[in-house]
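Student: Turn this into a model:
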Amino acid sequence: MPPNSKVFYDENDDKLEYDDAPIEPSILIPPAVSTLSVNHSAIENGTLKKFSWTTRFSGIMYSLVASFVFTCTTFIIKQLGIDLLDAFFIRFTVQITSNILYVHKKNYHCLPGAGIQIFSQFLCCGTGAGCFFLYFFAIRYIELPDVTTLVYTRVVWTLVLSIILYRERPSKVSLISIPLTLLGVILVAQPTFLFSSNISSAVLISSKLRVLGSSLSICSAIASAINVLAFKQLISTSKTIKPSVLTLHYCLAVFCFLIAYQLHKQLFFHTRLTFDYVVSWRFLLASTLGTIVIIPNILSQKAIKREHPAVFTLLGSADIIFALILQNIFTTKRSNLFALIGSALVILSVVILGASKIINERRLQKQVELKDIQCMLHDTEEKQ
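Tutor: Numbers count the residues shown, from 1 in each chain. So this is what the prediction gives:
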């Protein structure tokens, strides 16, 4: 999903395991261990519980509903003509309050660790907040489906940065996904040196604004990738640093950015939040919708607990599809063929990465099970 953050935590949230799956950067939560995993001892004893189809596919439904609600609320706020960043004050006030209460209840340290860990925490919350702001700044200049597509490339940027920083050898799947993503970005951004002006005018915005919006979106995706790596580094190297504390840092960073943004508008553009503007129905509706985004945040937590992280990442592409549907049905602006192909290529690259990860993990799981069976047979032969 696009940038958002976790609001409430269950007691076991800080005890989950982590893996290499790309996760939503600003959510700042761990990949989940599936609650529907098969217990082999239960199979042997014949006590395995049967889950209904609604339980088995609950993670998928939660993820799709979360994507739909988030995309719809963002789309409506933009159509209202309200500054998206003005509408999030109430939302982050609620999130900060809830996180402070939770951290206080659990007696967590607000700034644990020392030295490089503290720097990594600042990097984590800074890149998360930067991703959030760049995303909503980009929406001002290009359409929501284009921003969503370009920001969704964060999955591939995470892979690229992992190869550079950790000197990992790129796999064949990576060598296929990265060119597909870059081609998709070019088709969505449609730079003027490759595309004629009449193609860019199909979405009724100037080429300069399109370049600016596309650049902001890509920067948001890269900031998101850095956020994922910083978060994983923190969690994997220290047991005292909790995800709930990192989420509190993120919310505080965003709130500080929101205040700085208002001061910037007042000092340089001589505009501020007036009483008439705040009590107008458009602003109240936008603020309400901004707060409703808390609902898809909670649903995304439920989804990632029930589904494989790679599957959850793949389901995130629904944001692009929902954004394209909303724009082409409810506005006069239509996505041209190149933008549609570019969105499809970005989705395809992530599907390839996710499917490859699922297949590899299943293969490893089968190898482990085979070794276990061989060990059992060996023990049985020795006893005989």
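
Student: can you count the residues close to Arg363?
Tutor: Arg363 has 10 neighbours, counted by other CB atoms under 10 Å. The way it works is simple: take the backbone N, C-alpha and C, and place the C-beta from them, glycine included.

Student: Next, find the distance separating it from Leu370.
Tutor: Relative to Leu370, Arg363 is positioned 11 Å away (CB to CB, to the nearest Å).

Student: mind listing the helices for the stretch 101-250 of the chain?
Tutor: Applying DSSP state H, counting those that start in this stretch to the stretch 101-250 of the chain gives helices spanning 116-138, 144-151, 154-165, 172-189, 197-200, 207-237, 243-268.

Student: Ranked by average pLDDT, which of the ones you listed falls at the bottom?
Tutor: Mean pLDDT per stretch puts helix 197-200 lowest among these, at a mean of 48.

Student: got the angle for the lengthiest helix in the chain vs helix 144-151?
Tutor: Determined from DSSP state H, the single longest helix within the chain is helix 337-383. On the basis of axes from the mean of the first three to the mean of the last three CA atoms, to 10 degrees, helix 337-383 is oriented at 40 degrees to helix 144-151.

Student: list the helices and strands helix 337-383 packs on?
Tutor: For helix 337-383, the packing partners by 3 or more CB pairs under 8 Å, 6 or more residues apart in numbering; DSSP states H and E come out as helix 144-151, helix 154-165, helix 172-189, helix 309-315, helix 318-330.

Student: Mind putting those helices into JSON lines with distance to Ile77?
Tutor: Converted to JSON lines, the helices and strands packed on helix 337-383 look like this (distance: least, CB to CB, whole Å):
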{"stretch": "helix 144-151", "distance to Ile77": "10"}
{"stretch": "helix 154-165", "distance to Ile77": "22"}
{"stretch": "helix 172-189", "distance to Ile77": "22"}
{"stretch": "helix 309-315", "distance to Ile77": "23"}
{"stretch": "helix 318-330", "distance to Ile77": "12"}
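
Student: Buried deepest among these, which one?
Tutor: helix 144-151 (a mean of 29; mean count of other CB atoms under 10 Å).

Student: Pull the residues that contact that one.
Tutor: Here helix 144-151 makes contact (CB atoms under 8 Å, 6 or more residues apart in numbering) with 2-3, 71, 74-75, 78, 131, 135, 138-139, 184-185, 188-189, 203, 213-214, 217-218, 220-221, 224, 319-320, 323-324, 326-327, 335, 339, 342-343, 346.

Student: wouldn't Ser63 be in contact with Pro296 here?
Tutor: No. Taking contacts as CB atoms under 8 Å, Ser63 lies outside contact range of Pro296: 9.4 Å.

Student: out of the helices and strands packed on helix 337-383, nearest to Phe283?
Tutor: Nearest of the helices and strands packed on helix 337-383 to Phe283, taken as CB to CB: helix 144-151 at 20.0 Å.

Student: Now do the closest one against helix 116-138, angle only.
Tutor: Per the same axes, to 10 degrees, the angle that helix 144-151 makes with helix 116-138 is 150 degrees.
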